[in-house]
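Asker: Take this sequence and fold it.
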Amino acid sequence: MTDIFIHPTAIVDDGAQIGTGSRVWHWAHVCGGARIGNGVSLGQNVFVGNKVVIGNQCKVQNNVSVYDNVTLEDGVFCGPSMVFTNVYNPRALVERKDEYRNTLVKRGATLGANCTIVCGVSVGEYAFIGAGTVVNKDVPAYALMVGVPAKQIGWMSEYGEKLDLPLTGDGMATCPHTGKAYMLKAGQVTTEG
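Answerer: Next up, the predicted model:
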């Protein structure tokens, strides 16, 4: 592990893989089976489980626990104190470690502060989950989701700007910041060019 910063209060168990240029801040704990990409920031008091994959250039803010069976693709932002689960119906008196459900957060997605991602869902590329939202079903790429449970209220560009597109039907929009074009067709947003 070269060019990696690990704060003296952090614990990185033997076997953990941490990519070049990553930073592990105060009181974080990375378990031995975790695989973490290049240029990742793990904030204060972050926990990363054994069966976790974190892609390149992700930012995991303070007080986030990334439990077993969670995969973050490249460029995912996890806001402060957001929550992942890995058992759908936990009971303290029932052992369910063989019932962990996989959670996948795709490239470029943003998970807002204090949101909850219930296990077993997939969050699409560049989706944007508002602060405090509870996600309990799959989220389409570029969708803007808010509320409890999550409800789609719009679409977001890769840059993080709201797009002027209807929720359903067809349409075209341009990111007001980058000028990149987006197309809505059959309930899915794609980019052009």
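Asker: residue with max distance from the center of the chain?
Answerer: Residue distances from the centre of the chain (Cα atoms, centre = their mean) peak at residue 93, which lies 29.8 Å from the mean C-alpha position.
Asker: Can you check the pLDDT for it?
Answerer: Model confidence at residue 93, given as pLDDT, is 96.
Asker: ok, now residue 97?
Answerer: Predicted confidence (pLDDT) at residue 97: the value is 89.
Asker: Near it, how many other residues are there?
Answerer: Burial of residue 97, expressed as a neighbour count using other Cβ atoms under 10 Å, amounts to 8. Where you see a C-beta, it was placed from the backbone N, CA and C, and this is true even at glycine.
Asker: ok, it to residue 104 distance?
Answerer: 20 Å (Cβ to Cβ, to the nearest Å).
Asker: Ok, residue 173 next?
Answerer: Counting by Cβ to Cβ - residue 173 and residue 104 are separated by 26 Å.
Asker: repeat for residue 21
Answerer: Relative to residue 104, and taking Cβ to Cβ, residue 21 is found at 24 Å.
Asker: how many other residues sit next to residue 182?
Answerer: Residue 182 has 22 neighbouring residues, counting by other Cβ under 10 Å.
Asker: so who does it touch?
Answerer: Taking Cβ atoms under 8 Å, 6 or more residues apart in numbering as the criterion, residue 182 is in contact with 142, 155, 157, 163, 165, 172-175, 189-192.
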